[in-house]
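Colleague: Sequence below, structure please.
(chains A and B)
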Amino acid sequence: MSTQALTNPAVDFSEWYNEVVYRADLADHSPVRGCIIVKPYGYELWDNIKNALDRRFKATGHQNAYFPLFIPKSYLEREAEHVEGFSPELAVVTIGGGKALEEPLVVRPTSETIIGEAMAKWIQSYRDLPLLLNQWANVVRWEMRTRPFLRTTEFLWQEGHTAHATEEEAEAETLQMLDVYADMVVNDAAIPVIRGLKHETEKFAGALRTYTIEAMMGDKRALQSGTSHNLGQNFAKAFNMQYLDKNNQLQNCWTTSWGLSWRVIGGIVMAHGDEKGLKLPPRLAPYQAVIVPIFRNDDERGTVLDAVETLKKALLAADVRVHVDNRDYQPGYKFNDWEMRGVPVRLELGPRDVQNGTVVAGRRDIPGKEGKRFLQQADIAAQVKLLLEEIQANMLAQATAFRDANIFDVHSYDELRSVVEAGGFARGWWNGSNEDIARIKQETSATHRCYPLEQPGGEGVCFMSGKPASQIAIFARAY
RNA sequence: CGGGGUGUGGCGCAGCUUGGUAGCGCGCAGCGAUCGGGACGCUGAGGUCGUGGGUUCGAAUCCCGCCACCCCGACCA
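Modeller: Here you go, the predicted model:
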């Protein structure tokens, strides 16, 4: 519940972020280090994200399944790069039922191995391909420093796992799912993203290559918001995922995996939030509209609440997620509270509105009086739906304008330094070494975010090494 | 793991130097008033002072140990 002033994001962004997460009622602290409790309001938001993705997965031919939380330790070890990447952050169960286990069980940090093992059993023939699975699950990664939603020890996500007959199909799948992520994040979360290829030093442990969607937060840092991996035949070979082709030849499968987590909730907070708190995109908001009744006495109370009830029914009938705030607080308190919680549209209905057949609509994306206007009660559903679409579009437009204003082309290391120092994405021709990347990280704390899929074409000069370069890359400080 | 800091009602803190058995703000409950931008008044509930030991007639306060958490340096959806 909100009380008074929120830390100004311009002054202390990370403190502001924490306050918003807790005061907007998304989450609470948990007794377990690095873990959070997701409260109903936050979970509803996750549910909406989940549904937005799930229907896209189904539309692209995927099916959901569920695999065990525990993975035999030896499975992780079958793919060399994979173990190396994940072993520092594993939680391992060594005792079960009071007895030491013969083989320790890893609490899944991701499920390539145990799903790979199963897929190997299920795939015999080219007729069994492609195999397109997805799992909604919790995973555990023992991180050193955690932040609510952005990096927690346990987190919720989905992980897609697919097997294909050819490298081309696997690559097409990897890119298709990247597009699915981009579509959801851009169109539902209203956050613009840059689709890109991860540098080899940043790719998933065990993958051939990793694609990413990178978003810019309100403090101009980057947030990797979803990743899609072409795993090549690495896991297929480690788990004997083989099939007989049409010529009766035994072939290794080509696999992919792709994941998006509740980190996106953190992205929504940080990409849209402001000094009043959370600002939710209408398509994902648990409540798209909240009605605040206003009255001074029992007489007014009766007529106002009648009108409110009518309004609510009309909106529900039009599939608007609406909530009536009947709490015994003053209206002003409620206005601030719902602004903190990011509700896109606030409807205020008082005695004067009952008289006039009107209702005051305030939009979260436009602060203060400017965002308020009168609507007619008679046609409320259509008007609110229109307003929600406007808000959705406006939020994306604002976030896009902000991002584009903070991407800078750099031609030298000095330029990169000053961009990173001032805040923003540095974009430039890149053909540097891994040592160069390490040095940039060391000296500026910026990392190679990706090679954007959209390239200018042609050739340039690497801003770091001075060597000829055929690709531009983006560097930024990231979460 | 190295450095710095903090543990006192749900939250944020004061009290500790100079021991005498706990207080403030917010929140919470009841009543009243109020209600178109967080007003208010009265009454009230709620605390083994992180934990174990020691000193003392007496410890939130002094001493020793431990634990937890936070911030800063080496990993990441």
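
Colleague: Flag every residue of the stretch 151-300 of chain A that's near RNA strand B.
Modeller: With Cβ under 7 Å from any atom of the strand as the criterion, the stretch 151-300 of chain A meets RNA strand B at residues A:151-152, A:155, A:157, A:204-205, A:212, A:224-227, A:259-263, A:276, A:294-297. Yep, even glycine has a C-beta here, placed from its N, CA and C like the rest.

Colleague: Counting neighbours, which of these end up buried?
Modeller: When burial is judged by neighbour count using 16 or more other Cβ atoms under 10 Å, the buried members of these are A:151-152, A:155, A:157, A:204-205, A:212, A:224-227, A:259-263, A:276, A:294-295.

Colleague: State the distance from residue A:391 to residue A:451.
Modeller: Here residue A:391 is placed at a distance of 34 Å from residue A:451 (Cβ to Cβ, to the nearest Å).

Colleague: Between these two, point out the one with more neighbours.
Modeller: For residue A:391 against residue A:451, the residue with the higher neighbour count under other Cβ atoms under 10 Å is residue A:391, and the figures read 25 against 19.

Colleague: Could you look up the next helix or strand downstream of the helix or strand hosting that one?
Modeller: Assigned by DSSP states H and E, residue A:391 falls within helix A:380-404. On the C-terminal side of helix A:380-404, the nearest following helix or strand under DSSP H and E is strand A:407-409.

Colleague: Can you tell me the SS state at the nearest residue to residue A:209 once chain neighbours are set aside?
Modeller: In space, residue A:209 comes closest to residue A:230 once its chain neighbours are excluded; the distance is 5.3 Å by Cβ to Cβ, 6 or more residues apart in numbering. The three-state label for residue A:230, taken from DSSP: H, G, I helix; E, B strand; the rest coil, comes out as strand.

Colleague: Report the buried residues of the helix holding residue A:391.
Modeller: Residues of helix A:380-404 classed as buried under the neighbour-count rule (16+ other Cβ under 10 Å) are A:380-381, A:383-385, A:387-388, A:390-392, A:395-396, A:398-399, A:402-403.

Colleague: Which single one of those is nearest to residue A:468?
Modeller: Of all those, residue A:468 sits closest to residue A:403, with 29.0 Å by Cβ to Cβ.

Colleague: Please report how far that closest one lies from RNA strand B.
Modeller: Separation of residue A:403 from RNA strand B (Cβ to the nearest atom of the strand, to the nearest Å): 18 Å.

Colleague: and if you look at residue A:313?
Modeller: 19 Å.

Colleague: go on, residue A:5?
Modeller: When distance is defined by Cβ to the nearest atom of the strand, residue A:5 is 6 Å away from RNA strand B.

Colleague: can you pull the pLDDT of the residue lying farthest from the centre of chain A?
Modeller: When distances to the mean C-alpha position of chain A are computed (Cα atoms, centre = their mean), the maximum falls on residue A:299, with 47.1 Å. Residue A:299 carries a pLDDT score of 88 in this model.

Colleague: Enumerate every residue touching it.
Modeller: With contact set as Cβ atoms under 8 Å, 6 or more residues apart in numbering, residue A:299 has no partners.

Colleague: Am I right that it sits in a helix?
Modeller: Yes - under three-state DSSP, residue A:299 falls within a helix.

Colleague: which of the buried residues of helix A:380-404 sit farthest apart?
Modeller: Put simply, by Cβ to Cβ the two of these set farthest apart are A:380 and A:403, 34.2 Å from each other.

Colleague: How is the residue nearest in space to the middle of chain A assigned, secondary-structure-wise?
Modeller: A centroid search over chain A (Cα atoms, centre = their mean) returns residue A:264, at 2.0 Å, as the residue closest to the centre. When classified by three-state DSSP, residue A:264 comes out as helix.

Colleague: Equivalent analysis for the one 5 residues further on, please.
Modeller: The three-state label for residue A:269, taken from three-state DSSP, comes out as helix.

Colleague: From RNA strand B, how far out is it?
Modeller: Per Cβ to the nearest atom of the strand, residue A:269 is found 14 Å from RNA strand B.

Colleague: repeat for residue A:302
Modeller: In this structure, residue A:302 and RNA strand B are separated by 12 Å, where distance is defined by Cβ to the nearest atom of the strand.

Colleague: got it, and residue A:273?
Modeller: Residue A:273 sits 14 Å away from RNA strand B, going by Cβ to the nearest atom of the strand.

Colleague: residues near that residue, how many?
Modeller: Residues within reach of residue A:273, counting by other Cβ under 10 Å, total 24.

Colleague: Now do the same contact list for it.
Modeller: With Cβ under 8 Å, 6+ apart as the criterion, the residues that contact residue A:273 are A:9, A:16-17, A:20, A:218, A:279, A:342.
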